[in-house]
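> Sequence isn't available, so here's the structure alone:
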Ligand SMILES: Nc1ncnc2c1ncn2[C@@H]1O[C@H](COP(=O)(O)O)[C@@H](OP(=O)(O)O)[C@H]1O
Ligand SMILES: [Mg+2]
Ligand SMILES: [Mg+2]
Ligand SMILES: [Mg+2]
């Protein structure tokens, strides 16, 4: 097992050198020391001998290519790239383009007759008169991205092909059969700010997540390199490699058992998670470090390799979590030895369609810290309820 420690200073200078457009912030809070524990993978059992080997290879390809498209757009971020969805969340040409690329690659690599995809975006706004110009830009981006790979670019896609690829994501998922689950850009707000985001792709089989792939283009891989691809297969462990395909390393969550030494992740956006509640929970646990606020499922990826020990997510009342916001991240953490549950300690159930039914929120940590975390969560929720 090779263990290497990256000091906070290194992380800050690393993130400062990211080739981003605006508002690039250090990834980690100044007091956090990031310990990355990784063992060199022998690759035995990682890809070849597993039952989802073909699907995993296709998913890694699809997510990496989609990440390439996103990186290109993030570098050239323009206000005109942003559309507003009817639910008022932002959506960019990169969200649509990424979804189209993943859909096309998976269908080319796998049996397209039985293909089912549960994905965040749909083409509704692009089919309107005012979406025409955006659609053309998406088509160009998708074709350029597919051509850049050499394998998929022989016949350029038409506008109708792109719309159909996006709309293949309308599946409802559910408890039977296989369904891909895609968030083409998770952390769109982070993406727009020039911060963290992820392309998150999972595979459900009979209601269980069996594959998870997270492409995190702005997450440091090492002292020299930025951009991580995490992938996990059920019972196969979690691996991390560069987006351009370096040798994978096996990763594991932290083995910390003292909550006072733990640091915790939460959403950058206060609208997505109750920061006051997580600070109360952290205080009860005795956590000394300030919260590490980053966007997207990059939090699950970072936690899977031991950068920080806890992830707390408590949406405001009434919000319903979607499966694509957690499926891939869940498996990446679970296969790295972590535990993901709702605030009452129940496992997440991805078999109920597009939404997750949850008690209050989502908490993530290692097995040793989970009992103390659950206790602190319960006490904090009770306190919050009695103060209302
Ligand atoms: N009010 C809300 N509460 C909780 N989550 C929300 C939210 N509004 C949007 N989200 C979800 O939070 C995700 C981002 O998570 P994070 O805060 O960890 O970056 C968004 O994914 P998208 O960016 O894919 O839309 C979106 O699905
Ligand atoms: Mg969204
Ligand atoms: Mg999302
Ligand atoms: Mg998204």
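Thanks, I have the structure now. Remember, it's a predicted structure, so these values are computed and weren't measured experimentally. Ligands and ions are numbered 1, 2, ... in the order given.
> pLDDT weak spots in the stretch 251-388 of the chain?
Across the stretch 251-388 of the chain, nothing is flagged by pLDDT under 70.
> Stretch 159-170 close to ligand 1?
No - Stretch 159-170 stays clear of ligand 1 (C-beta under 6 Å from any ligand atom), getting no nearer than 12.8 Å. C-beta: built from backbone N, CA, C; applies to glycine.
> Go through that stretch and flag the buried ones.
By 16 or more other C-beta atoms under 10 Å, the buried positions in stretch 159-170 come out as 161-163, 165-169.
> Contact distance from ligand 3 - what residues of the stretch 51-200 of the chain qualify?
183, 186 (C-beta under 5 Å from the ion).
> which parts of this structure sit against ligand 1?
By C-beta under 6 Å from any ligand atom, the residues of the chain that approach ligand 1 are 89, 120, 183, 185-188, 190, 267, 269, 271-272, 295-296, 315-316, 319, 322, 325.
> Those, buried ones only, as a ChimeraX selection?
Applying 16+ other C-beta under 10 Å to the residues of the chain next to ligand 1, the buried members can be selected in ChimeraX as follows:
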select :120,183,185,186,187,188,190,267,272,295,296,315,322,325
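> Just the residues of the chain next to ligand 1: which are in strands?
Using DSSP state E, the subset of these located in strands is 183, 185-186.
> now those residues as JSON lines including pLDDT?
As requested, those are exported to JSON lines (pLDDT from 0 to 100):
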{"residue": "183", "pLDDT": "98"}
{"residue": "185", "pLDDT": "98"}
{"residue": "186", "pLDDT": "98"}
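> Closest one of these to residue 77?
Distance to residue 77 across those (C-beta to C-beta) is lowest for residue 185, with 12.4 Å.
> how about the nearest residue to the closest one, chain neighbours excluded?
Distance criterion C-beta to C-beta, 6 or more residues apart in numbering; nearest residue to residue 185, sequence neighbours excluded, is residue 95 at 4.7 Å.
> Kindly state the pLDDT recorded for the one you found?
Looking at residue 95, its pLDDT is 97.
> neighbours around the closest residue to residue 110 other than its chain neighbours, how many?
Spatial nearest neighbour of residue 110, excluding adjacent residues (C-beta to C-beta, 6+ apart): residue 58 at 5.6 Å. Residue 58: 23 surrounding residues under other C-beta atoms under 10 Å.
> show me what contacts residue 58?
Residue 58 makes contacts with 105-106, 109-110, as judged by C-beta atoms under 8 Å, 6 or more residues apart in numbering.
> How about the residues of the stretch 151-300 of the chain by ligand 4?
Applying C-beta under 5 Å from the ion, one finds that the stretch 151-300 of the chain approaches ligand 4 through 183, 185-186.
> try it again with 8 Å
Residues of the stretch 151-300 of the chain found near ligand 4 (C-beta under 8 Å from the ion) are 183-188.
> What is the most widely separated pair among these?
Greatest spacing in those, by C-beta to C-beta: 184 and 187 (11.2 Å).
> what helices or strands is the helix or strand hosting residue 106 leaning on?
Counting by DSSP states H and E, the element that carries residue 106 is helix 93-109. Judged by 3 or more C-beta pairs under 8 Å, 6 or more residues apart in numbering; DSSP states H and E, helix 93-109 is in contact with helix 53-75, strand 117-119, helix 132-149, helix 159-167, strand 178-186, strand 198-205.
> Now those in a markdown table, please, with extra columns for distance to residue 385.
Compiled in a markdown table, the helices and strands packed on helix 93-109 are given as follows (distance: least, C-beta to C-beta, whole Å):
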| stretch | distance to residue 385 |
| --- | --- |
| helix 53-75 | 40 |
| strand 117-119 | 33 |
| helix 132-149 | 45 |
| helix 159-167 | 42 |
| strand 178-186 | 30 |
| strand 198-205 | 32 |
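> so which of those gets nearest residue 237?
Here helix 53-75 is closest among those (C-beta to C-beta), at 12.1 Å.
> Give me the buried positions along that closest one.
Buried residues in helix 53-75 (16+ other C-beta under 10 Å): 55-56, 58-71, 73-74.
> residues in contact with the closest residue to residue 180 other than its chain neighbours?
The shortest distance from residue 180 to any residue other than its chain neighbours is 4.6 Å, reached at residue 117 (C-beta to C-beta, 6+ apart). For residue 117, the contact set (C-beta under 8 Å, 6+ apart) comprises 103, 106, 168-171, 179-182.
> And residue 356, by the same measure?
320-323, 326, 348-350 are the contacts of residue 356 under C-beta under 8 Å, 6+ apart.
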